[in-house]
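A.B. asks: Sequence and predicted model, in that order:
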Amino acid sequence: MPVSDGETLRARDLLLPRADTNREASRRRVLRAVMLAPATQQVAIAATTGLSQATVSGVVQDLQREGVLRVTGAEGERGNRVHLGNITGAAVGVDVGHQRVIVAARRVDATDLVTAEAGIGAQHPREAWMAKVQEMIKDLTAEIGLTLDDVISIGLGLPAAIDPRTAKITQVVATSQWDLTGHPATWFADWFPDVPVIPDNDANLAAYGEYLHGAGHDAKSMVYVKASSGIGAGYVAYGVIKRGKRGLAGELGHLTIDRNGVICRCGSRGCLETVAAGPRLLARVREAYEPYGTTPPANLDELITRARHGDTVCCRVLKDAARDIGFALALASNITDPETVVLGGTLGKAADMLIDPLTASIREYGLAGMFTHDSPLRIVGAQLGDLAGARGAMALGLLTEPPLRS
C-alpha cells in the first residue's frame, strides 16, 4: 500500500522478516543497502547485495511506487540516485578495544555520524563496559533526535574470534576477563530485546570499515592489519569478510616468526605479537633507555610522537616492527594475493614512516609477481583511524539479515 503524504515509516517495521520468500528477502536487502549508503546508485546496490541489476531495478521500482524509496535524476539515467523516503531509524556500531570502547550511530536516512569514546574495554569486567555501551547508545540516539526504540541494528566488534556459524566466541587471547560460555548476540538482550546484535572480530570489522569507506574503497580484495596493543588482520574480498570455518582467519599476530622465540599469551612461541605488538615495542625502548636514565614513552602514541621528533631509538624500534609485520604479511599475501594491504591500528598513525620498510619486507619474502605483474600490490595507511571498527560494525549490523521469527 502506498505511503500517504507526510506519513513517517519506521525502519524497524520495514525490515521485519514477514515471509520466507525470495521477493521479500530481496526487498529487505535493497532497503538495507540504501540505509547503508543513502543517495546510492542501483549498480552499487547490486554490488552490495549480490542481487542482479534487473532484480534491484524491479525492487526499487516497487518500493518507489509504495513511497518507501525515491529516485532522483532523469528517467533511465545511469547516475540516478536512490534515497529513502520519510523513514526513521538508527544504526549503531560498537568497537570494544582492550582499554576503550567507541560507539558510532547515525540516522538511516543520513550520512552524518555521531560518535563517543570511553576509557573502558575488554580489560574490564564485561558487565562494566556493557553498561557503559548501553548508556552511550542512549545518549547518541538522543543526539540525532531519536530514541532507543528507533535502533534497528547493533554491530559489535570484539577482541575475540567469533564463529560465523553460531556467532559464539571461538577463542580469546587478548584478556582473561571473559566468560567464554556466553553468546555475544544475546548479551544486550535485556536492553535491546528486539534489536539484532551482530558480533564479529574487531580486526574484521575495522577491515570492513576501511573496505567500504576508507583506504580500500576502490579495491576488490584487501588485507587490513590492526597493529596496536595486539596485532590482528581482516581479509575482505568482493565485499565479503573472509572469516574461515571457526572465525580464526586473520590472526596475523599469532603467526610464528621465530620458533625459538618467547612464549606468547596465546600459548604458542615466537608469535609476531611477541616482537611487534605495542607492549613489546615499548619494552624495547625501555631496555635501550634504561642505562642512561631516560624516561621511556608511556604508550605507543607517545613512542610514535618521539620518532617523529627524531628519537633514533623510537625510529629504530618502529622500523624493525614494520619489517617483522611485513614478513608476516608476505606469508599472508602469498596465500590470499590481495589487491591492497592497509596498515591500521595505532601503528597506522605512523604509516608514512612505516610503509617503506613494510613494503621492503613484503618484497623480500613474498612472491615477486605481487610487484612485477601489471597490477602491483598496493600498500597504504588506513584512512578512518580509530573509527574504522565502529563504522565496519555499523555496516555489518545494517546488512546482516536476522533469522525469521517463529
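C.D. replies: Cool, the structure landed.

A.B. asks: Quick check: next helix or strand after the longest helix seen in the chain?
C.D. replies: Looking only at the chain and at elements set by DSSP state H, the helix with the highest residue count is helix 312-336. Per DSSP states H and E, helix 312-336 leads on to strand 340-344 as the next helix or strand towards the C-terminus.

A.B. asks: What are the buried residues along the longest helix of the chain?
C.D. replies: Within helix 312-336, the residues scored as buried using 16 or more other CB atoms under 10 Å are 313-315, 317-319, 321-333, 336. In this view, the C-beta of every residue, glycine as well, is placed from N, C-alpha and C.

A.B. asks: and what of stretch 157-176?
C.D. replies: Going through stretch 157-176 with 16+ other CB under 10 Å, the ones that come out buried are 157-164, 167-175.

A.B. asks: Likewise for stretch 111-127?
C.D. replies: In terms of neighbour count (16+ other CB under 10 Å), stretch 111-127 has its buried residues at 113-117, 120-124, 126.

A.B. asks: Where do the strands of the stretch 201-350 of the chain begin and end?
C.D. replies: For the stretch 201-350 of the chain, the strands defined by DSSP state E, counting those that start in this stretch cover 221-227, 231-237, 240-241, 340-344.

A.B. asks: mind listing the helices for the protein?
C.D. replies: Secondary structure of the chain (DSSP H): helices at 11-14, 22-36, 42-49, 53-65, 126-143, 202-213, 273-276, 278-289, 300-308, 312-336, 351-365, 369-372, 388-399.

A.B. asks: for these, which one sits closest to R246?
C.D. replies: Each of the helices of the chain has some distance to R246 by CB to CB; the shortest is helix 202-213, at 13.1 Å.

A.B. asks: So which elements touch that closest one?
C.D. replies: In this structure, helix 202-213 packs against strand 90-96, strand 151-158, strand 221-227, strand 231-237, strand 240-241, strand 340-344, helix 388-399, with contacts taken as 3 or more CB pairs under 8 Å, 6 or more residues apart in numbering; DSSP states H and E.

A.B. asks: Recalculate using a threshold of 6 Å.
C.D. replies: With contacts defined as 3 or more CB pairs under 6 Å, 6 or more residues apart in numbering; DSSP states H and E, helix 202-213 has these neighbours: strand 221-227, strand 231-237, helix 388-399.

A.B. asks: what's the distance between I263 and T274?
C.D. replies: Between I263 and T274 the distance, using CB to CB, to the nearest Å, works out to 8 Å.

A.B. asks: Leaving out sequence neighbours, find the closest residue to C315.
C.D. replies: Taking CB to CB, 6 or more residues apart in numbering, and ignoring the residues beside it in sequence, C315 has A307 as its nearest neighbour in space, at 4.7 Å.

A.B. asks: can you check Q383 too?
C.D. replies: The shortest distance from Q383 to any residue other than its chain neighbours is 3.9 Å, reached at G214 (CB to CB, 6+ apart).

A.B. asks: my guess is that neighbour meets L384, correct?
C.D. replies: Yes. Contact between G214 and L384 holds when scored by CB atoms under 6 Å: they sit 4.3 Å apart.

A.B. asks: the more surrounded of the two?
C.D. replies: Counted by other CB atoms under 10 Å, G214 and L384 do not tie: G214 has more neighbours, with 25 against 20.

A.B. asks: quick one: contacts of the lowest-mean-pLDDT helix or strand in the chain?
C.D. replies: Of the helices and strands making up the chain, the lowest-confidence element is strand 169-171, at a mean of 85, by mean pLDDT, DSSP states H and E. Strand 169-171 is contacted by residues 160-161, 163, 180, 246-247 when judged by CB atoms under 6 Å, 6 or more residues apart in numbering.
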